[in-house]
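A.B. asks: What follows is a predicted protein model with its sequence.
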Amino acid sequence: MKLIDLQENESSPTIISNQRKQVLRQEMVKFMLQAASHLKISTKTLGKALYLVTAFDKIYGKHFDQTLCCMSAIYLASKLDDNQLEVDNCIKQYTLLSHNQKKYHRKLSFDQLETDDDQLEILKMSLFEMETELLLSIGFNLKIRVPQEYLEFYQKKFSKYIEKPIFEAANTILNDSYQLNVCITHRPDHIAIACLYISMSLFKKADLQINTPNLDKFNL
């Protein structure tokens, strides 16, 4: 499945509006959330995968399968977190989600999916090639810090002062932030603090009897 299919043509270059880019990104994030849920990866791994896709700035100007790019990012992120996924499972999940997103296809479960060995090998090579492109897009710098790590750290450090529902809401806000490109335009610790601040503000405004201390006291 191609979320976008761009043919490079010198005579009539393709121009994508910012609105169209945003729609495509939302589709990609939706796909990655579904794949992450089925593959049971952590939010930290998902955050790194979303970072990789966002950093891949050539994503709107090349002719390739963006859905495969998303799955390759998840596969690479799982290796960064020392919890490597089986490549066959990634390929099958990619094939399954791509199949089920087509309205005219009968919905299948993972066990019902039939895969051709030759096609599986081709998809594997495509995934590995995309993985190389993703690595090149970040200059092979695999020390990726994501906001989830800071949010988890703050939760452990300040659990006595800030209640769990606030952190849960902050994590939801953080996941929604991947609809935008803030993960590569702002520092991850700043994003985590911003999400925490928004969460506390919402709880305070809703008056849900949740303790919402002032963040200034924590010197963040």
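C.D. replies: Okay, I see it. Quantities reported herein were computed from a predicted structural model and do not represent experimental measurements.

A.B. asks: which helices and strands does the strand or helix carrying residue 97 pack with?
C.D. replies: Following DSSP states H and E, one finds residue 97 within helix 87-100. When contacts are defined as 3 or more C-beta pairs under 8 Å, 6 or more residues apart in numbering; DSSP states H and E, helix 87-100 packs onto helix 18-39, helix 66-80, helix 117-137. (Glycine included, C-beta is placed from N, CA and C.)

A.B. asks: buried ones in that helix?
C.D. replies: With burial defined by 16 or more other C-beta atoms under 10 Å, the residues of helix 87-100 counted as buried are 87, 90, 91, 92, 93, 94, 95, 96, 97, 98, 100.

A.B. asks: which residues does the third one contact?
C.D. replies: Shown here is residue 91, whose contacts under the criterion C-beta atoms under 8 Å, 6 or more residues apart in numbering are 71, 115, 120, 123, 124, 127.

A.B. asks: re earlier: could you pull up the mean pLDDT of the helix holding residue 97?
C.D. replies: The average pLDDT within helix 87-100 is 80.

A.B. asks: Of all the helices and strands packed on helix 87-100, which one comes closest to residue 173?
C.D. replies: Distance to residue 173, taken as C-beta to C-beta, is lowest for helix 18-39 among the helices and strands packed on helix 87-100, at 14.2 Å.

A.B. asks: mind checking how far residue 34 is from residue 139?
C.D. replies: In this view, residue 34 and residue 139 are 29 Å apart by C-beta to C-beta, to the nearest Å.

A.B. asks: Tell me what angle the helix holding residue 97 forms with helix 66-80.
C.D. replies: Calculated by axes from the mean of the first three to the mean of the last three C-alpha atoms, to 10 degrees, helix 87-100 forms an angle of 150 degrees with helix 66-80.

A.B. asks: Helix 87-100: how far from the chain's middle?
C.D. replies: Centroid separation for helix 87-100 versus its chain: 16 Å, with C-alpha atoms, centre = their mean, to the nearest Å.

A.B. asks: For the contacts of residue 91, give me TSV that also has distance to residue 176.
C.D. replies: TSV is the format used below for those (distance: C-beta to C-beta, whole Å):
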residue	distance to residue 176
71	21
115	34
120	34
123	30
124	32
127	27
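
A.B. asks: Scan these and report the most crowded one.
C.D. replies: residue 71 (30 neighbours; other C-beta atoms under 10 Å).

A.B. asks: give the contact list for that residue.
C.D. replies: 35, 90, 91, 93, 94, 127.

A.B. asks: and with 10 Å instead?
C.D. replies: For residue 71, the contact set (C-beta atoms under 10 Å, 6 or more residues apart in numbering) comprises 31-32, 35, 39, 49, 65, 85, 87, 90-91, 93-95, 97-98, 123, 126-127, 130-131.
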